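Undergrad: quick one: sequence and predicted model below, then my questions.
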Amino acid sequence: QKEVEQDPGPLSVPEGAIVSLNCTYSNSAFQYFMWYRQYSRKGPELLMYTYSSGNKEDGRFTAQVDKSSKYISLFIRDSQPSDSATYLCAMSLAGNNRKLIWGLGTSLAVNP
Amino acid sequence: DTGVSQDPRHKITKRGQNVTFRCDPISEHNRLYWYRQTLGQGPEFLTYFQNEAQLEKSRLLSDRFSAERPKGSFSTLEIQRTEQGDSAMYLCASSLVETDRRNTIYFGEGSWLTVV
């Protein structure tokens, strides 16, 4: 079993839809949770960063962490064609950011 | 642009040749990381530096791979005697380790390597 599981999709939604992306993990010691967006042939871009459990909102993006269920989510409201990309979850242990453990990434297409 | 800078962005090389990638981290970031990513996969950790010290190397980093960060600023990743399996995107990232342990990592655009 991989440490981090993420459905690779692809996910296709119409413009304006609410998108829900999810990851599950097995290591209960993970404390830092991140979502990165990656466009084709580009490096990952940090979208959201959460420490421990709870919600964090930034514009159209909301990140949720449920440590009891070992489950994290990223919600995108009012999705736009420019949101079409691969979304990767990543996580790391407390005080140890040298090794991010990544999901495979979910490919999202937002259709005009 | 004050982000992480990588050079070259693309490299095609013949099997057996050596290649070197350079990374310039965000100014004043004291940690620098190298990751490798293949299509459809998340990045895989290779190695990281704190200032000029290389603190960890992944088992993925064979003897043909060497990384340096001589002055604690830019870093180079060299691959000797390249093999077709080395074809991937090599990502550099940097972060600032603050006293409160917040340590978000910022990635460069990546250097694509194709070994033919």
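TA: That came in fine, so what should we check first?

Undergrad: and the residue of chain B found nearest chain A, how many residues sit next to it?
TA: Scanning chain B for the residue nearest chain A gives residue B:42, at 2.9 Å (criterion: C-beta to the nearest C-beta). Quick note: C-beta positions are derived from backbone N, CA and C, even for glycine. Neighbour count for residue B:42, taken as other C-beta atoms under 10 Å in any protein chain shown: 23.

Undergrad: quick one: residue A:93 and residue A:28 touch, right?
TA: No: at 10.6 Å, residue A:93 does not count as touching residue A:28 under the criterion of C-beta atoms under 8 Å.

Undergrad: now do the strands in the chain.
TA: Just so you know, I chose chain A. Remark: strands assigned in chain A by DSSP state E are A:4-5, A:11-14, A:19-25, A:30-38, A:45-51, A:54-58, A:61-66, A:71-76, A:85-93, A:96-102, A:106-111.

Undergrad: to clarify, I was referring to chain B.
TA: Using DSSP E, strands in chain B cover B:5-7, B:10-13, B:19-24, B:31-37, B:44-50, B:53-57, B:65-68, B:75-79, B:88-95, B:106-107, B:111-115.

Undergrad: need these in CSV (columns: mean neighbour count and mean pLDDT).
TA: Shown next, in CSV, are these (neighbours: other C-beta atoms under 10 Å in any protein chain shown; pLDDT from 0 to 100):
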stretch, mean neighbour count, mean pLDDT
strand B:5-7, 18, 97
strand B:10-13, 14, 97
strand B:19-24, 19, 98
strand B:31-37, 25, 94
strand B:44-50, 20, 92
strand B:53-57, 13, 91
strand B:65-68, 17, 96
strand B:75-79, 19, 97
strand B:88-95, 24, 94
strand B:106-107, 21, 90
strand B:111-115, 18, 97
